[in-house]
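In: A structural model of the following input is requested.
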Amino acid sequence: MFSRKSECFLELKLPEPYLSTYRANYVEEGDRFFIIVTGKWGGKLRNCGYAFVHGKVYAAKEEMIDAVINRFREKYGSGHLNSHQMDAGTGFILERSDHVQRSRYDILGIEFDQVSKDYDASIRSNPVEIYMRSRTSEVLSLLARDGMSILEIGCGTLVESSTIKSKVSLTCAEISNQMLSIAGERSRSIGNIRLELLKVSSGNIRTDQKFDIIFTTYGYLDLEDMNTIEATLKENLKIGGLFIGAYWNRFGIIDIFLSILLGRFKYVREKLRGLVLPDFSRFSTATRPKKPLDFSRLSGFSDVQRKGVCTMIPPYNFLRIVKHLANKRMPFDLDRATSSLPIIKNFADYIIVVLRREHD
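Out: Coordinates of the predicted model:
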């Protein structure tokens, strides 16, 4: 008969960017640990490739479940395995190593590689996502002019910048090789864009070039701190050039209101303090929602334009009833009509901002 008192747990700490500690049943053999992961964090451990156990670094190597299940059956019994549905889990072997550590950008690159094939389909299946991308694409297309040079940070699969109608030179900076590959293929069908692909490995980007426009949405600005973003803009943007960005608003009132109704109090606390841990983030890394006026305070920049996005339907509280309303289009029309109102453009779930660089 299985008893929870018989369980033995190994505590694993996944390093930055996860900032999380997990417990797993284990079997110890020599200097190795066998574990079976049944929760969602198995993907995080796989992509991270290592964890800290008792303060020491262990490489995490994924194994077929059949290779480790018998070890657990012998130690805990079949009742334990059935109770935790461990036969449907993921097996890992943890081996002592000091040379396996990866940066948060390496880990994110792996994760975006994995979702790249289905990235466009996931956007097309979500009417809120389509709407958000259309709003930022609009702003970019209206401001792009023939002959301009544009740097897009976190280009993904070129979803937004592929809508540019002007003849421009576009440099796409991305941490994912697979995303860059898809972006390159897509650019072949766009005659007006001369594309250069730039693989980056950190948030502080240097191109040895000054651009007319820097464009980035729904990712880079949410992952980086303001110091890194400011350094990147000043390194790569011309005097008189434009920065176009869409960022997650720390004080998005609809998201906060619905989250409170749904009892997601920890998420609300994390969002208000400005650091959302991976269990509550759309990324598997800690994210940093910004204050409404953070970018307006950048030294040497002036505000050109500011709009709210998804004030009526927050993008990540996508319940069935919300999806039904989204398909009716009315909430989007209302969102667009109110996006420039003072309260909306500062308290929407996302904010689109256009800044001009005036001086160093």
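In: Now the helix or strand that residue 302 is a member of - C-alpha only, CSV.
Out: Taking DSSP states H and E as the criterion, the element that holds residue 302 is strand 301-309. Extracted in CSV, the C-alpha atoms of strand 301-309 (Å, rounded to 0.1, in the frame of the first residue of the first chain):
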residue,chain,number,x,y,z
PHE,A,301,14.3,61.1,-26.2
SER,A,302,11.0,62.9,-26.8
ASP,A,303,7.5,61.4,-27.0
VAL,A,304,6.0,61.3,-30.5
GLN,A,305,3.0,59.0,-30.0
ARG,A,306,1.4,56.7,-27.4
LYS,A,307,-1.4,54.3,-27.7
GLY,A,308,-3.1,51.6,-25.5
VAL,A,309,-3.5,48.1,-26.8
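In: Paired strands for that strand, with orientation please.
Out: strand 350-357 (antiparallel) (DSSP bridges).
In: who touches the partner strand?
Out: 132, 135-136, 139, 143, 217-218, 233-234, 237-249, 252, 292, 295-296, 298, 300-310, 315, 345 (CB atoms under 8 Å, 6 or more residues apart in numbering). All C-beta spots, glycine's among them, are computed from the backbone N, C-alpha and C.
In: Can you select the buried ones from the residues you listed in PyMOL?
Out: In PyMOL, this line selects whichever of those come out buried by 16 or more other CB atoms under 10 Å:
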select buried, resi 132+135+136+139+143+217+218+233+237+241+242+243+244+245+246+247+248+249+252+292+295+298+301+305+306+307+308+309+310+315+345
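In: Tell me which of the contacts of strand 350-357 fall in helices.
Out: Using DSSP state H, the subset of those located in helices is 132, 135, 136, 139, 143, 233, 234, 345.
In: outside of the lengthiest helix in the chain, which residues touch it?
Out: Taking DSSP H as the assignment, the helix of the chain that covers the most residues is helix 104-124. Residues outside helix 104-124 that contact it (CB under 8 Å, 6+ apart) are 16-17, 43, 47-49, 129-130, 133, 156-157, 159, 174-179, 181-182, 200-203, 223, 283-285.
In: If we use 6 Å, what do you get?
Out: 16-17, 47-48, 129, 157, 175-176, 178-179, 182, 201-202 (CB atoms under 6 Å, 6 or more residues apart in numbering).
In: Same question for stretch 182-193.
Out: 116, 155, 157, 158, 162, 167, 168, 170, 172, 195, 197.
In: for stretch 232-243, same thing?
Out: Contact with stretch 232-243 is made by 151, 204-207, 210-214, 354-357, as judged by CB under 6 Å, 6+ apart.
In: Kindly report the same for stretch 282-290.
Out: By CB under 6 Å, 6+ apart, stretch 282-290 touches 17, 19, 44, 222, 247-248, 250, 271, 274-278, 281, 316.
In: Check what pLDDT the residue nearest to residue 158 when sequence neighbours are not counted gets.
Out: Closest residue to residue 158 in three dimensions, ignoring its sequence neighbours and counting by CB to CB, 6 or more residues apart in numbering: residue 183, at 4.2 Å. Residue 183 carries a pLDDT value of 92.
In: What of the one 4 residues further on?
Out: Confidence at residue 187, expressed as pLDDT, is 88.
In: just residue 327 next, same as before
Out: 69.
In: circling back: residue 74: which of the contacts of stretch 182-193 is nearest?
Out: Taking CB to CB as the measure, residue 74 lies nearest residue 116 of these, at 40.6 Å.
In: Can you get me a residue count around the residue nearest to that closest one when sequence neighbours are not counted?
Out: Nearest non-adjacent residue to residue 116, counting by CB to CB, 6+ apart: residue 178, 3.8 Å away. When neighbours are defined as other CB atoms under 10 Å, residue 178 has 18 of them.
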